[in-house]
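> no sequence for this one, just the structure:
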């Protein structure tokens, strides 16, 4: 074992960081202290965090432990001898450490170490997206009960300080809705399709070549990553964290080049959108590629950028956007959280309410819709569609058909006035039974002009 | 006098808020406390803050005092009897108050009350833009010395949490540059000129009609307001607050409709830009209308929106933007600051360094330039200009001339490769002595394509 020999009990819960030397005399009640940090999980992000802490030392922050269980015991030249490498997280929990940085990839392991650290009276900074999406409310409640803190900017925004923006900057408002592009890889793929006119498979391959998407891209492409981020953000914005598995999501893999042509005719483009908002009955949320009006800031986010726009009672909208390169950008979020922890201690009136877990109570969102059909053309198709929509009281806004296509595989678009999802689903069920489809119909929400 | 009868000494410096009742038992070290708030200055923003605090009570925040010296003693129906109105700020400083909210309009009075409150061990939230621009470093140092805190989101971002974003969200990076649109009224005027093709005077009149600009708009139009905000932001981003009076600024009143035509030919628009950045010799900064490439997010900010984009070592860029309506939006910034104060107490290692005051050490910024001349046309003008530029080794990039103009008042544009301001100034001095000018030449910076 390689544990720091001078193990002492952690500071009393509720004060952080616990003073590592006697308080300075100048400011009574404000001890000069150093926040002793342990990194658990030492991949690319861990390396970037450790480098940032060691190569650019900051008053109040000191890296003391790294948990790395690969026997090699990676110890880079830049790492000072004062950093202790240990084999297991348990050793860190027993050691003289103030903050545990959780960078474990497995959500179960991540939740376990966070829970154990909080129980031991240590505050935590985590990059665990799925951890916070699934266990955030309980972990935040545990932190509150133990007088510790749990920060998680890296779990959501990466290079964009979405958590800080909502929590520290807009807490004084009552937020009504969040809309954003929460997955930079998906935004890269869709904006690349827009630029090149190419198909989805090529955009995905290019994103993989650039390292934006992994070998198994389903987490990005199918919207699971964005849904997890949206769940966590809903807890901050509304005090109620939406159960992540209930957030409906739609793949971006169904988008074809022709959809960008039709979107352009509607003065829109297509972006991977995440939405959550208050409704009379509760909270609504979805993750889906959507048509975004050219007048919206969201349409101008190209490449691997991400953005979050909040709408509130007092301010019309306020947004955070950006782009950053991988592990170094994630390290910025983690070091920023560490600096915030080191600079203040929580007091009991704890202004950030611990979010409760909440179910989606309004699945039936009313929104404008873009429907793209690909059919074997014959007379009467529009009439059949119109009849099916009318039966469900769904109102057709427009029918668009670009001219130069084969009649054996004809794509055309129907836009619908805002209608209930349930009514639309019933209409599409009837329509799906028709014999003219070459591909399944694609249904996308159309964002409101009023959005940012 | 109307002072709260139960005056007790303020809490010891360094802990905030001081407990107003005995600590609850659950969390040792984390007393359940209420932050008692006094509003000094009771105009539209004070009214909005008071309404927000009284109509939507939040755990940990309680409005206890309002300083209002108009004899009428404005007391609205919604204001609970527990709020005490006093005549002078001095009474608040002696009262049992934890946080003073400074909303005074006069910068000298504002600085005086902040100083007095901090000396009395009370933390402060201020909306005083000029106060923070001129006295920020000293006031922040005083707060640090007294173990109190001084927050000032409303002094800068209004509806956009720029201070929270930089300080809480990006503190982990080393920031290299800030670029933004910091004055919503100016952005409204320039984007209105762009839409309507109208002249500046009409855009100003419309901004005044909408209440975006006041009867004496020089503070906005001449760039003083943006320079003050930029000064404060430089202190957060770089730890060095640029002396506000040294920031060069240029009026937007010189922009004419023809400039938008020429900007469009250069695939740009014109926006009121503020820039500050690190240079080998120190910090550079300027406030000026500038040409902004259409590819930049800044070009898509229409109307009275504002935006701040930060570029750092680790992340390529991260930005904050938004729009909000007047006093209610300012109240969001103030209540958010109050919530942050109520939720945590400072510890001695205070991670946010108190900014030092710094002079502009690099006035000689190299940047692409747009020069617009209006001349009585005659042969040889271009040759004379070219000779003057060549003498100062300033390189001409392009000469643009829209066709349909009178020869007696011909506007044309010269764009320059990046050149030193000092060399350009010398060339323009020679050129100004020529006899062909109908109006003084207009010189605007052209933002780099790489900016956000």
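That came through, no problem. Values in this document were obtained by computation on a predicted structure and should not be read as measured data.

> after the helix or strand of chain A with the lowest mean pLDDT, which helix or strand is next?
Ranked by mean pLDDT, DSSP states H and E, the weakest helix or strand in chain A is strand A:344-346, scoring a mean of 65. Scanning forward in sequence from strand A:344-346 by DSSP states H and E, the next helix or strand is strand A:356-358.

> just checking, residue A:191 touches residue A:306?
No - Residue A:191 is not in contact with residue A:306 according to Cβ atoms under 8 Å; the separation is 12.0 Å. Heads up, the C-betas are built off the backbone N, CA and C, glycines and all.

> more neighbours, the two?
residue A:306 (29 against 24; other Cβ atoms under 10 Å in any protein chain shown).

> distance of the more buried one from chain B?
10 Å (Cβ to the nearest Cβ, to the nearest Å).

> quick one: residues contacting that residue.
Counting by Cβ atoms under 8 Å, 6 or more residues apart in numbering or on different chains, residue A:306 makes contact with A:157-160, A:180-184, A:187, A:321-323.

> residues making contact with stretch A:390-409?
A:258, A:261-262, A:265-266, A:368, A:374-377, A:382, A:385-386, A:389, A:410-417, A:419, A:423-424, A:426-427, A:430, A:438.

> could you redo the last one with a cut-off of 6 Å?
Stretch A:390-409 is contacted by residues A:261-262, A:265, A:376-377, A:389, A:412-417, A:419, A:423-424, A:426-427, A:438 when judged by Cβ atoms under 6 Å, 6 or more residues apart in numbering or on different chains.

> just the buried ones from those residues, in PyMOL syntax?
In PyMOL, a selection of the buried entries from the contacts of stretch A:390-409 looks like this (16 or more other Cβ atoms under 10 Å in any protein chain shown):
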select buried, chain A and resi 262+389+412+413+414+415+416+419+423+424+427
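
> just the contacts of stretch A:390-409: which are in helices?
A:261-262, A:265, A:389, A:423-424, A:426-427 (DSSP state H).

> farthest-separated two in the residues you listed?
The largest separation in the ones in helices among the contacts of stretch A:390-409, counting by Cβ to Cβ, is between A:261 and A:426 at 29.0 Å.

> look up how far chain B lies from residue A:427.
Distance, residue A:427 to chain B, using Cβ to the nearest Cβ: 36 Å.

> what sits against that residue?
Per Cβ under 6 Å, 6+ apart, neighbours of residue A:427: A:388-389, A:392, A:394.

> any chance of those residues in a markdown table, plus pLDDT?
Converted to a markdown table, these look like this (pLDDT from 0 to 100):
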| residue | pLDDT |
| --- | --- |
| A:388 | 96 |
| A:389 | 96 |
| A:392 | 95 |
| A:394 | 95 |
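
> now, which of those residues sits nearest chain B?
Using Cβ to the nearest Cβ, residue A:394 is the member of the contacts of residue A:427 that lies nearest chain B, at 33.4 Å.

> apart from its neighbours in sequence, what residue is nearest that closest one?
Distance criterion Cβ to Cβ, 6 or more residues apart in numbering or on different chains; nearest residue to residue A:394, sequence neighbours excluded, is residue A:419 at 4.5 Å.

> tell me the pLDDT at the one you found?
Note on residue A:419: pLDDT of 91.

> go on, the one 5 residues further on?
Looking at residue A:424, its pLDDT stands at 94.

> now do residue A:362
Residue A:362 is given a pLDDT of 68.

> just the one 4 residues further on next, same as before
The score at residue A:366 is 83. That number is its pLDDT.

> next up, the contacts around the closest residue to it other than its chain neighbours.
Excluding its sequence neighbours, the residue lying closest to residue A:366 (Cβ to Cβ, 6+ apart) is residue A:418, at 4.5 Å. By Cβ under 6 Å, 6+ apart, the contact set of residue A:418 is A:366-368.

> how close does the residue nearest to residue A:394 get to residue A:395?
Distance of residue A:419 to residue A:395, given as Cβ to Cβ, to the nearest Å: 7 Å.

> hmm, residue B:315 and residue A:159 touching each other?
Yes - with contacts counted by Cβ atoms under 6 Å, residue A:159 reaches residue B:315, the gap being 3.9 Å.

> in terms of neighbours, single out the busier of these two.
The residue with more neighbours, out of residue A:159 and residue B:315, is residue A:159; 30 against 26, by other Cβ under 10 Å.

> which elements pack onto the helix or strand containing residue A:115?
Residue A:115 belongs to helix A:107-119 when assigned by DSSP H and E. For helix A:107-119, the packing partners by 3 or more Cβ pairs under 6 Å, 6 or more residues apart in numbering or on different chains; DSSP states H and E come out as strand A:99-102, strand A:123-126, helix A:129-146.

> now the helices for chain A?
For chain A, the helices defined by DSSP H occupy A:44-55, A:89-94, A:107-119, A:129-146, A:162-164, A:184-196, A:200-209, A:218-221, A:224-238, A:257-265, A:326-343, A:381-391, A:421-432.

> burial-wise, tell me which of the ones you listed comes out on top.
helix A:162-164 (a mean of 28; mean count of other Cβ atoms under 10 Å in any protein chain shown).

> and that one, how far from the chain's centre?
11 Å (Cα atoms, centre = their mean, to the nearest Å).

> go on, stretch A:292-309?
15 Å.

> and it, which residues are buried?
Buried residues in stretch A:292-309 (16+ other Cβ under 10 Å): A:292-293, A:295-302, A:304-309.

> in those, find the pair that's most separated.
So, these by Cβ to Cβ: farthest apart are A:295 and A:304, at 23.0 Å.

> if I read this right, residue A:127 contacts residue A:154, doesn't it?
Yes - Residue A:127 lies in contact with residue A:154 (Cβ under 6 Å); the separation is 3.9 Å.

> those two: who's more crowded?
Neighbours around residue A:127 and residue A:154, counted as other Cβ under 10 Å, are more numerous at residue A:154. The numbers are 30 against 27.

> show me where the stretch 351-452 of chain A dips below the pLDDT cut-off.
Filtered on pLDDT under 70, the stretch 351-452 of chain A yields the residue ranges A:351-353, A:362-364, A:404, A:450-452.

> touching, residue A:431 and residue A:386? I think so.
No - applying Cβ under 6 Å, one finds residue A:431 not in contact with residue A:386, separated by 10.4 Å.
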